[in-house]
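*Asks:* Quick check, what structure comes out for this input:
(one chain, ligands or ions: 1)
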Amino acid sequence: MAKVNEDFLKLAGGYLFPEIARRTRAWQEKNPGEKVLRLGIGNTTEALTPYITSEMHRKIDLLSDRSTYTGYGDEQGDTPLRVALSEMYRREYGVELAPEEFFVSDGAKADAANIQQIFSSDSIVAVQDPAYPVYVDSNVAGGRSLGFDEESLSYKGLVYMPSNESNGFVCTPPETHVDLIYLCFPNNPTGAVATKEQLKAFVDYAIRENAVIIYDAAYSDYIREEGYVHTIYEVEGAEKVAIEINSFSKNAGFTGVRLGWTIVPFGIASDNAPEGTVHRLWNRRQCTYFNGASNIAQSGGIAALSPKGREECRSLVDYYLENARIIKSGLEAIGIKCYGGVNSPYVWAKAPRGMKSWEFFDFLLEKAHVVVTPGSGFGGSGEGFVRVSSYGHREDVIKAVESIVEHIND
Ligand SMILES: *Cc1c(COP(=O)(O)O)cnc(C)c1O
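*Replies:* Below is the predicted model of the structure:
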């Protein structure tokens, strides 16, 4: 008799987004004809940009012609795209990475979930609390937890690094030994950004403890202020201890097109493997489980990294940043304490009057007809907050903010 993988059974019900959908649907049924204003999801809403689109059109034309048609590409990604990524890191961040250290993928989420596979199943894993759920869930499914503890609302065996008001939502390294550390800056959900000093503490910890950092930089293009790190490789020594994951989803609007990349430097060593092994294993993993990203998407990626493409991405990001500014200033004007929303598309808003995350969610839905994301769904330290997303058409964002302002004292 076939048995299912019991580590997958340990995953607590995918609670957050289905529950948001359920409550929104229930409200809609009671209030037919009323429009729900959505500031809940991290999904882009604005059109692909002209030059990037034209390059993808051109690729389709090449594929439509027998003499220029191509089939499978390299599992690691097309060389011109890996070269363009390497050059972008040098040009914009002053960081030297070889094209061969870049692995092109169909998005950062899958890489973030899969990377744990090349590490021992008895690795001790540290995550930020609150966090993007993928890091936690992939490690639970990967057999690194004994299950969910209903009392502490956390998985047994994982090390949580609390990110809260007292540390400005930038946690410090664990007090105890861990093997893998997941970090995400600018952070989803809190919008926090990290300075070089703050990240250096993690790199130093990883060097000292022989740990590996998995750094999710999906929102790095949202950083507009000085003093924050765009890539962890700006920190000295990171090329020996850190893997970085990134994506074209949030800066080029590729959430549906699908394209990302992961950097696995040659220089990472681990407890039982010399330099080069981690790189080799990820290469081996990708060649076995993955057959390359869409060639149309990759031509869009190359275009996105050209000077013209970078300019288009910048304007697209500007649009969402302006939405974030509107949300943040609107909420602050009615006395709601807000974090993030600068250098980030997410505003992390503190529920007023001592409300819990889900109470504030229900309040905003009932009174203002606005849907946000309860912070507690990202981890225990998110309790008392909601994540307000800037992904939406400007007119809808303005309407949602006006509605909250009008109904906050209802
Ligand atoms: C949106 C997002 C990504 C991007 O995922 P893709 O699979 O590339 O679309 C990665 N990490 C975080 C934290 C995100 O919010």
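*Asks:* What are the boundaries of the helices in the stretch 1-150 of the chain?
*Replies:* Shown for the stretch 1-150 of the chain, the helices assigned by DSSP state H, counting those that start in this stretch span residues 6-9, 16-30, 50-63, 79-93, 108-114, 133-141.
*Asks:* Please give the centre-to-centre distance between the last one and its chain.
*Replies:* By that I understand helix 133-141. 13 Å (Cα atoms, centre = their mean, to the nearest Å).
*Asks:* What is it packed up against?
*Replies:* helix 6-9, helix 108-114, strand 125-129, strand 180-184 (3 or more Cβ pairs under 8 Å, 6 or more residues apart in numbering; DSSP states H and E). Just so you know, the C-beta spots here come from the backbone N, C-alpha and C atoms, and that holds for glycine as well.
*Asks:* Distance to residue 345, mean pLDDT and mean neighbour count added to these, as JSON lines?
*Replies:* What follows is the helices and strands packed on helix 133-141, written out as JSON lines (distance: least, Cβ to Cβ, whole Å; pLDDT from 0 to 100; neighbours: other Cβ atoms under 10 Å):
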{"stretch": "helix 6-9", "distance to residue 345": "31", "mean pLDDT": "95", "mean neighbour count": "12"}
{"stretch": "helix 108-114", "distance to residue 345": "15", "mean pLDDT": "98", "mean neighbour count": "21"}
{"stretch": "strand 125-129", "distance to residue 345": "18", "mean pLDDT": "98", "mean neighbour count": "25"}
{"stretch": "strand 180-184", "distance to residue 345": "13", "mean pLDDT": "98", "mean neighbour count": "25"}
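*Asks:* among the helices of the stretch 1-150 of the chain, which is nearest residue 197?
*Replies:* helix 79-93 (17.0 Å; Cβ to Cβ).
*Asks:* returning to what we had before: now the helices of the stretch 1-150 of the chain in a markdown table, with distance to residue 127?
*Replies:* What follows is the helices of the stretch 1-150 of the chain, written out as a markdown table (distance: least, Cβ to Cβ, whole Å):
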| stretch | distance to residue 127 |
| --- | --- |
| helix 6-9 | 17 |
| helix 16-30 | 16 |
| helix 50-63 | 33 |
| helix 79-93 | 25 |
| helix 108-114 | 11 |
| helix 133-141 | 5 |
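*Asks:* which parts of the stretch 101-250 of the chain sit against the ligand?
*Replies:* Along the stretch 101-250 of the chain, the residues adjacent to the ligand under the rule Cβ under 6 Å from any ligand atom are 107-109, 132, 184, 188, 216, 218, 247, 249-250.
*Asks:* got a winner among those for most neighbours?
*Replies:* residue 216 (29 neighbours; other Cβ atoms under 10 Å).
*Asks:* From what I see, it and residue 112 are in contact.
*Replies:* Yes: with contact defined as Cβ atoms under 8 Å, residue 216 reaches residue 112; the gap is 6.0 Å.
*Asks:* what do the two both touch?
*Replies:* 132, 135, 182, 245 (Cβ atoms under 8 Å, 6 or more residues apart in numbering).
*Asks:* can the single longest helix found in the chain be found next to the ligand?
*Replies:* Ranked by residue count, the top helix of the chain under DSSP state H comes out as helix 307-333. No: residues of helix 307-333 contacting the ligand under Cβ under 6 Å from any ligand atom: none, with a closest distance of 12.1 Å.
*Asks:* Is residue 203 located within a helix, as I assumed?
*Replies:* Yes: Residue 203 forms part of a helix when assessed by DSSP: H, G, I helix; E, B strand; the rest coil.
*Asks:* Do you know the pLDDT at it?
*Replies:* The model reports residue 203 with a pLDDT of 98.
*Asks:* Next: residue 186.
*Replies:* pLDDT, residue 186: 98.
*Asks:* wouldn't it be in contact with residue 193 here?
*Replies:* Yes: contact criterion Cβ under 8 Å: residue 186 and residue 193 qualify, at 4.9 Å.
*Asks:* Spell out which residues are contacts of both of the two.
*Replies:* 223, 228, 343-344.
*Asks:* Adding secondary structure and neighbour count, write the residues you listed out as CSV.
*Replies:* Converted to CSV, the shared contacts of residue 186 and residue 193 look like this (DSSP: H, G, I helix; E, B strand; the rest coil; neighbours: other Cβ atoms under 10 Å):
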residue, secondary structure, neighbour count
223, coil, 20
228, strand, 20
343, coil, 21
344, coil, 26
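*Asks:* which of those sit farthest apart?
*Replies:* 228 and 344 (10.2 Å).
*Asks:* For the two, list the residues in contact with both.
*Replies:* Contacts common to residue 228 and residue 344, judged by Cβ under 8 Å, 6+ apart, are 186, 193.
*Asks:* Specify the angle between the longest helix of the chain and helix 79-93 in degrees.
*Replies:* Using axes from the mean of the first three to the mean of the last three Cα atoms, to 10 degrees, one finds that helix 307-333 and helix 79-93 are set 50 degrees apart in direction.
*Asks:* Point me to the residue of the stretch 251-400 of the chain nearest the ligand.
*Replies:* Relative to the ligand, the nearest point of the stretch 251-400 of the chain is residue 260 (4.1 Å; Cβ to the nearest ligand atom).
*Asks:* The residue nearest to the spatial centre of the chain: what's its closest spatial neighbour, skipping adjacent residues?
*Replies:* The centroid of the chain falls nearest to residue 218 when counting by Cα atoms, centre = their mean (4.9 Å). Excluding the flanking residues, the one nearest residue 218 by Cβ to Cβ, 6 or more residues apart in numbering is residue 247, at 4.8 Å.
*Asks:* That neighbour touches residue 106, doesn't it?
*Replies:* No: using Cβ under 8 Å, residue 247 is not in contact with residue 106, being 9.9 Å away.
*Asks:* Quick check: which ranges of the stretch 1-150 of the chain have low pLDDT?
*Replies:* Within the stretch 1-150 of the chain, the ranges that satisfy pLDDT under 70 run 14.
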